[in-house]
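Asker: Next comes the sequence, and after it the predicted model I'd like to discuss.
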2 protein chains.
Amino acid sequence: MGSLTEKLIQLPDSTEDQCKQDEDFVDPWTVTCSSQSGPDYDKLIARFGSARVTDDLLKRFEAALPAGAKLHRFLRRGIFFSHRDIEPILNKIEKGEKFFLYTGRGPSSASLHVGHLIPFIFTKWLQDTFDVPLVIQLTDDEKYLWRGLKLDNIKRHSRENIKDIIACGFDVEKTFIFTDTDYISKSQAFYENILKIQRLVTFNQVKGIFGFGDSDCIGKIAFPAIQAAPSFSTSFPQIFGTSSKCQLCLIPCAIDQDPYFRMTRDVAPKLKYPKPSLLHSTFLPALGGAMTKMSASDSNNSIFLTDSANEIKNKINKYAFSGGGGTIEEHREKGGNCDVDVSYQYLRYFLDDDDRLEQIHRDYSSGQMLTGEIKKEIITVLQDLVIKHQQARKEITDEMVDRFMTPRSLNFTLNTTK
Amino acid sequence: MGSLTEKLIQLPDSTEDQCKQDEDFVDPWTVTCSSQSGPDYDKLIARFGSARVTDDLLKRFEAALPAGAKLHRFLRRGIFFSHRDIEPILNKIEKGEKFFLYTGRGPSSASLHVGHLIPFIFTKWLQDTFDVPLVIQLTDDEKYLWRGLKLDNIKRHSRENIKDIIACGFDVEKTFIFTDTDYISKSQAFYENILKIQRLVTFNQVKGIFGFGDSDCIGKIAFPAIQAAPSFSTSFPQIFGTSSKCQLCLIPCAIDQDPYFRMTRDVAPKLKYPKPSLLHSTFLPALGGAMTKMSASDSNNSIFLTDSANEIKNKINKYAFSGGGGTIEEHREKGGNCDVDVSYQYLRYFLDDDDRLEQIHRDYSSGQMLTGEIKKEIITVLQDLVIKHQQARKEITDEMVDRFMTPRSLNFTLNTTK
């Protein structure tokens, strides 16, 4: 998987002027954005050909939840805003039948920031709510092919990343986590699915989908099949058995990963496999705002999972782009702009209390709440999130990593009624 | 590996006239030939940029042999006629140091013909003579990507082919045989070398070397790295240890496989690995002559390892292209043409007795030996070869196949003095 939100919101060039002339650009390796309020997601849906997660769909989703459960805030707030074929998954849920989840990460560095957590927070909610098996891919081979890093370093990053992923609370009885270099060298079924996909996709197609050129290395050209293969449950005979029947797959991911799965969905019918369904998320903005880039090399532009409470406070206070007025007087008069205010945007992602969020929106928009005050709100939320994460991560041992990474059967039953 | 001599000597079109206008064409998937006496190998050497195996080189080779050993007839007779960097291997031999051998086969069908034996007969001689470890690759993934076959069928073919290969007499203590789908899913080191090669080779390069186009599938485009990787001993830590030091490799193969190793040799210095050395063989002609195609679908155009003594006799008598005169009188007067006579050519490959071969050449060229008589000679030689092979193959059990295919340490010592 691409590193999701990491390369977020990169300027096409270094000037905002140029940026504004351009359309947003989104592919698995680059996201450039022409507005401080983030990419135009409606245009993205139109360009990619996916579908909006509508209110009707959310109602259907909500009705299908187990008693007492509530839609995740990422759904309530349009953070997972786009989908492909979510209906067959809802059909399964309504019939009390099972599917499986697939998500992932590109292990480009050892340190994750809070943006990286989004697919995992959401996937954990899906796993807990629907009691389904989950596979998580770390594309160490992709990072090796795309970046100048040594394979050994990437493998070290992968293990560190896996500890952060496990710390999100995944159930070891229902979750298989793998790096490509490790699982390819353990599973003939996985390599065979890769081969089957590679036979069905031409260079012309990956050129069209990913923009590859003649001077790209052959590893990059063939790689999309490796991210595609886990969409098919036959890649995991230890989990799903050796029958050639393929289980339905739901992939929660940031929308920049969609090209991989557009390709996967094209190929699926030719292999007599079901097309995977997708739920796409928006991108968490960098601290400097939607037009700047979150990057591991600029530690001041994102909140890392290793930041101390004090670092979080200082970063938010110093660097979080404000939608407030230039002076207190101006702010009191005109109010703040929540659409571009990074503190408010982060609250949308990380503050679960809808009433409180609405209150903050009202107060900040009206000018009653000051920039320093909204920053204080998000500081508390992020400190709580990060400290809890650090506590959980401290408990993750190498043995637990090995256990999650061992190809093995998982504890679930497919296609039984509730 | 390509199937070596199988697709041998394919006409560019079905008419000889067209063929004569053209140059020979040789790549890993097609060999077309414009002359009844076979491809112009000097031109091939010039075009590929390899080197002739000269008399001086053969003398050096011979001097380096263990006491009592004799150069193999494939060297004495220019059947392994071309090389790349054989000198570093001879240096090793002269210093009493070791290298390793790598050869292979593309398992496109379950039935091998006698042409398929050439690299294996020669490799066995090299192994026995220099007491070196050997790896044999069966490119089942390649055959899946290039042909319309099902993977399961190719895997069945591979096991049958491996029985034939083992029947050539390889030492299980010194030989590792693997199919790509099996070994990739067992060895992280192999997949990592594949990735390292895939990162260093661009689409432009494989387009130039192999003639791939935009409508080729991404599996084909990436495949050359999989045939390249076994050239590096680090792909086999179970044999050569986990040190990153790479041992010298000698690859005996038909010259149509050279493009793979030209690519490999380009990549090697960038990985700080030694370039593999090569010894290239000519192509055994089909029964119908150098301008017809040996093919598993035309069982009358080649001698299969499953043919009975009677089938061999009938095929040679009926189908072996004759360089003899149209009538006995004409033959007695003008003599036969050994350069195009398939029986003579097969004797060059399979009759070990130099004096007897020379005698036959003299007698047939002068017209003293008749076509029926030279056919009788080659029938005896082939019957003996095939029957012995069948007897040896009968003894090969599935357990032996499993043993050869188990990644394990082999019995040899690298770089010790004799």
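Answerer: Nice, I can see it.
Asker: longest helix of chain A?
Answerer: helix A:371-394 (DSSP state H).
Asker: Give the buried residues for that helix.
Answerer: For helix A:371-394, a neighbour-count test (16 or more other Cβ atoms under 10 Å in any protein chain shown) marks A:371, A:374-379, A:381-383, A:385-386, A:389-390, A:393 as buried. Every residue, glycine included, has its C-beta placed from N, CA and C.
Asker: cool, stretch A:401-416 as well?
Answerer: Buried-residue list, stretch A:401-416, by 16+ other Cβ under 10 Å: A:V401, A:F404, A:M405, A:P407, A:L410, A:F412, A:L414.
Asker: Looking at these, which is nearest chain B?
Answerer: A:P407 (10.8 Å; Cβ to the nearest Cβ).
Asker: Touching, the closest one and A:F240? I think so.
Answerer: No. Using Cβ atoms under 8 Å, A:P407 is not in contact with A:F240; the gap is 11.7 Å.
Asker: For the stretch 1-150 of chain A, which residues are neighbours of chain B?
Answerer: Applying Cβ under 8 Å from any Cβ of the partner chain, we find that the stretch 1-150 of chain A lies next to chain B at A:D141, A:Y144, A:L145.
Asker: and the helix or strand hosting A:V135, average pLDDT?
Answerer: For A:V135, the element it lies in under DSSP states H and E is strand A:134-138. For strand A:134-138, mean pLDDT is 98.
Asker: Wait, A:R332 touches A:G367, no?
Answerer: Yes. Look at A:R332 against A:G367 with Cβ under 8 Å: they come within range, at 4.6 Å.
Asker: The residue lying closest to A:L287 once chain neighbours are set aside and A:K313, how far apart?
Answerer: Sequence neighbours aside, A:Y319 is the residue nearest to A:L287 in space, at 4.3 Å (criterion: Cβ to Cβ, 6 or more residues apart in numbering or on different chains). Remark: distance between A:Y319 and A:K313 (Cβ to Cβ, to the nearest Å) = 11 Å.
Asker: again with A:S243
Answerer: In terms of Cβ to Cβ, A:S243 sits 54 Å off from A:K313.
Asker: ditto for A:P66
Answerer: Separation of A:P66 from A:K313 (Cβ to Cβ): 38 Å.
Asker: do the same with A:E399
Answerer: The spacing between A:E399 and A:K313, counted by Cβ to Cβ, is 35 Å.
Asker: for A:L151, same thing?
Answerer: Per Cβ to Cβ, A:L151 is found 38 Å from A:K313.
Asker: what's the answer for A:V342, then?
Answerer: Distance from A:V342 to A:K313, by Cβ to Cβ: 15 Å.
Asker: Does A:K186 belong to a helix, a strand or coil?
Answerer: Secondary structure, DSSP: H, G, I helix; E, B strand; the rest coil: A:K186 is coil.
Asker: Please name the residues that touch it.
Answerer: Taking Cβ atoms under 8 Å, 6 or more residues apart in numbering or on different chains, we find A:K186 in contact with A:P407, B:S185, B:K186.
Asker: okay, now A:I118: neighbour count?
Answerer: 23 (other Cβ atoms under 10 Å in any protein chain shown).
Asker: Low-confidence bits of chain A, can you list those?
Answerer: For chain A, applying pLDDT under 70 flags the ranges A:1-22, A:296, A:415-418.
Asker: and the gap between the residue located most distally from the centre of it and B:K272?
Answerer: For chain A, the residue at maximal distance from the C-alpha centroid (Cα atoms, centre = their mean) is A:E329, at 39.4 Å. According to Cβ to Cβ, A:E329 stands 66 Å off from B:K272.
Asker: Give me the nearest residue to the residue positioned nearest the centre of chain A, chain neighbours excluded.
Answerer: In chain A, the residue lying closest to the centroid (Cα atoms, centre = their mean) is A:P119, at 3.4 Å. What sits nearest to A:P119 in space, not counting adjacent residues and going by Cβ to Cβ, 6+ apart, is A:T103, at 5.0 Å.
Asker: For the one you found, which three-state class applies?
Answerer: strand.
Asker: Bridge partners for it, pull those for me.
Answerer: A:I136 (DSSP bridges).
Asker: My read is that it contacts A:I121, right?
Answerer: No. If you go by Cβ under 8 Å, A:T103 and A:I121 don't touch, sitting 10.8 Å apart.
Asker: More neighbours: which of these two?
Answerer: Neighbours per residue, other Cβ under 10 Å: of A:T103 and A:I121, the larger number sits with A:T103, 25 against 19.
Asker: any idea how far the more buried one lies from A:S281?
Answerer: 10 Å.
Asker: Now list whatever residues contact both of those two.
Answerer: A:P119, A:P252, A:C253.
Asker: Looking at those, which are in helices?
Answerer: A:P119.
Asker: all strands in chain A, in order from the N-terminus.
Answerer: A:25-26, A:31-32, A:51-52, A:80-84, A:100-105, A:134-138, A:175-179, A:249-254, A:277-281 (DSSP state E).
Asker: Serialize the ones you listed to JSON lines and add fields for distance to A:Y260.
Answerer: Formatted as JSON lines, those follow (distance: least, Cβ to Cβ, whole Å):
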{"stretch": "strand A:25-26", "distance to A:Y260": "13"}
{"stretch": "strand A:31-32", "distance to A:Y260": "15"}
{"stretch": "strand A:51-52", "distance to A:Y260": "18"}
{"stretch": "strand A:80-84", "distance to A:Y260": "12"}
{"stretch": "strand A:100-105", "distance to A:Y260": "10"}
{"stretch": "strand A:134-138", "distance to A:Y260": "11"}
{"stretch": "strand A:175-179", "distance to A:Y260": "17"}
{"stretch": "strand A:249-254", "distance to A:Y260": "9"}
{"stretch": "strand A:277-281", "distance to A:Y260": "10"}
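Asker: how about the ones you listed, which one is nearest A:S235?
Answerer: A:S235 lies closest to strand A:134-138 among the strands of chain A, at 8.1 Å (Cβ to Cβ).
Asker: Check which residues of stretch A:48-65 are buried.
Answerer: Buried-residue list, stretch A:48-65, by 16+ other Cβ under 10 Å: A:F48, A:S50, A:A51, A:V53, A:L57, A:R60, A:F61, A:A64.
Asker: ugh, wrong one, stretch A:243-263
Answerer: Neighbour-count burial for stretch A:243-263, counted by 16+ other Cβ under 10 Å, picks out A:246-263.
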